[in-house]
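Participant: Sequence plus predicted model, see below.
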Amino acid sequence: MSPTLVAGPKAVLAVLLLLAAAFTLTSCGHTEAAPPEISQDTVMQTVRDYGRGHQGTPAPAFTDSADATEGAELSYAEHVRSLVDQANYAELESLAQTNRLERGRFLGGNWRNNDFFNGATWANPNDKPTDSDYQHQIEKLKKWQAARPDSAAAKIALAKIYVFYANFARGDGYAASVSDKQWDLYNSRTALAKQTLLEAAAFKERDPHWYIIMQEVAHNEGWGKADARELLDRAIAFEPDYFHFYRLYTQYLLPQWYGDHGEIPDFAEEVASKHPEPAGSILYFQIVSTLACYCEIQMGELKGADWQKLQLGFANLQATYGLSNLNANRFAEMATAFGDRAVAHEAFSHVVKREAMVWYAEDSYQQARAWAGVSNDQ
């Protein structure tokens, strides 16, 4: 019998009904004009034009380097954040250019480029960010943009933090608990992110993370499935191996958002079928492991997936990119959800520490370890 399930506090049971964009963004006495409403046709035409003339190619193979060690990813993000704090725009631009050219990865397969933008928008590395933390980080990114007005990286980072700031305004409660003021801020800040992305689209530099932020805008605005899928397809055409695109689209497909029950395993199967091995099973794992959260809704969807293919994908991912603590946590959670005690035991033996995004509660994590027969000293 599997350990007791604890529902995650971030589970949302209703699709968000988004309001019209607010006219101002107000916080702590700070007021910033929201951009005018932009037609969806204009946005989608920009999505189509962004990758025009860019031919996506397979990313280079992962090499054994400093990036292949546990902790390198976090150190890199912290370094990027420190460069923003120091206003070292030359080094930031150099890193962004290197990421676009070399397309490097970290242990477990995460792209350096993804962590570059995570680090640049990291409002508070020590605790949960406050409104003031966001305001300060936004000002730092605006200074970068002002110093390098043609920088795609600076513009995309600013758009990303507007999305984070929008989600901060909404909070992680149920939709019915969100006030009208919170919705107004959520919509206004999302509109700012979208406008900033459209401005970045006019630059000569092109970056795959532009599509990531537009996917987050699409999620916040509740785009229809046809537009959300076209956005994904355009992104993949631009950078075929940037698997972060698939994971964001998978979140969009969750039943508590805009998808239907069983749609995620079907989507993962569709994607995997278009790629030869080992890429197909790896993508299957990377897509379905978006559901690797020890909470009720995600676990319900996870059980509709092919457990044998998930095991193959995990093994191929480990062989190709090494084993990260996050992926070990995800695989252990999935083995627990499928009731496979032997595989869970093996997976937990590789877990260095609990990942909060997989196990919200320490009690659930410890119960699962005990069920799998892994002691605390292992």
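Facilitator: Cool, got the structure.

Participant: Do me a favour and average the pLDDT over whichever strand or helix holds residue 233.
Facilitator: Using DSSP states H and E, residue 233 sits in helix 225-238. What helix 225-238 shows for mean pLDDT is 98.

Participant: Give me the residues contacting it.
Facilitator: Residues outside helix 225-238 that contact it (Cβ atoms under 8 Å, 6 or more residues apart in numbering): 40, 44, 47-48, 50-51, 54, 56, 206, 208, 211-212, 214-215, 218, 223, 242, 245-246, 249, 252, 258. In short, each C-beta sits where N, CA and C put it, glycine included.

Participant: So which of these belong to helices?
Facilitator: Of those, the ones assigned to helices by DSSP state H are 40, 44, 47-48, 50, 211-212, 214-215, 218, 245-246, 249, 252.

Participant: Residue 144: which of those is nearest?
Facilitator: residue 212 (18.6 Å; Cβ to Cβ).

Participant: the inter-axis angle of the helix holding residue 233 versus helix 244-252?
Facilitator: Using axes from the mean of the first three to the mean of the last three Cα atoms, to 10 degrees, the inter-axis angle of helix 225-238 relative to helix 244-252 is 160 degrees.

Participant: So for the longest helix along the chain, what gets flagged as buried?
Facilitator: Secondary structure assigned by DSSP H gives helix 180-200 as the longest helix of the chain. The neighbour-count check on helix 180-200 (16 or more other Cβ atoms under 10 Å) flags 182-198, 200 as buried.

Participant: Off-centre distance for that helix?
Facilitator: Remark: helix 180-200 is offset 18 Å from the chain centroid, using Cα atoms, centre = their mean, to the nearest Å.

Participant: From the contact counts, what lies against that helix?
Facilitator: In this structure, helix 180-200 packs against strand 24-27, helix 40-50, helix 152-170, helix 209-221, with contacts taken as 3 or more Cβ pairs under 8 Å, 6 or more residues apart in numbering; DSSP states H and E.

Participant: Please convert those to a markdown table, extending it with mean pLDDT, mean neighbour count and distance to residue 351.
Facilitator: As requested, the helices and strands packed on helix 180-200 are exported to a markdown table (pLDDT from 0 to 100; neighbours: other Cβ atoms under 10 Å; distance: least, Cβ to Cβ, whole Å):
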| stretch | mean pLDDT | mean neighbour count | distance to residue 351 |
| --- | --- | --- | --- |
| strand 24-27 | 38 | 15 | 39 |
| helix 40-50 | 98 | 15 | 39 |
| helix 152-170 | 97 | 25 | 28 |
| helix 209-221 | 98 | 24 | 28 |
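
Participant: Go through those and name the closest to residue 330.
Facilitator: Among the helices and strands packed on helix 180-200, helix 209-221 comes nearest to residue 330, with 19.8 Å by Cβ to Cβ.

Participant: tell me the contacts of the residue nearest to residue 158 when sequence neighbours are not counted?
Facilitator: Once flanking residues are discounted, residue 158 sits nearest to residue 141: 4.6 Å by Cβ to Cβ, 6 or more residues apart in numbering. Contacts of residue 141 were listed using Cβ under 8 Å, 6+ apart, and they are 84, 120-121, 154, 157-158, 161.

Participant: Next one: residue 141 from residue 240, what distance?
Facilitator: 29 Å (Cβ to Cβ, to the nearest Å).

Participant: swap in residue 114?
Facilitator: Per Cβ to Cβ, residue 114 is found 15 Å from residue 240.

Participant: neighbour count winner among the two?
Facilitator: residue 114 (20 against 16; other Cβ atoms under 10 Å).

Participant: separation between the more buried one and residue 265?
Facilitator: Look at residue 114 and residue 265: by Cβ to Cβ, they are 24 Å apart.

Participant: my guess is residue 217 contacts residue 192, does it?
Facilitator: No - with contact defined as Cβ atoms under 8 Å, residue 217 and residue 192 do not form a contacting pair (10.0 Å).

Participant: Can you give me the pLDDT of the spatially most central residue of the chain?
Facilitator: Most central in the chain under Cα atoms, centre = their mean is residue 248, positioned 5.7 Å from the mean C-alpha point. Note on residue 248: pLDDT of 98.

Participant: Setting aside sequence neighbours, what's the nearest residue to it?
Facilitator: residue 215 (4.4 Å).

Participant: residues contacting the one you found?
Facilitator: 228, 231-232, 235, 245, 248-249, 252.

Participant: and residue 295, how many neighbours?
Facilitator: 20.

Participant: Now do it against residue 250, distance only.
Facilitator: 15 Å.

Participant: same thing with residue 203?
Facilitator: Applying Cβ to Cβ, the value for residue 203 to residue 250 is 29 Å.

Participant: How about residue 286?
Facilitator: Counting by Cβ to Cβ, the gap from residue 286 to residue 250 is 9 Å.

Participant: which residues of the stretch 1-150 of the chain score low on pLDDT?
Facilitator: 1-34, 64, 66 (pLDDT under 70).

Participant: List of residues touching stretch 325-339?
Facilitator: Here stretch 325-339 makes contact (Cβ under 8 Å, 6+ apart) with 2-3, 70, 108-109, 288-289, 292-294, 299, 302-303, 307, 310, 314, 317-318, 341, 343-344, 347-348, 350-355, 357-359, 368, 371-372.
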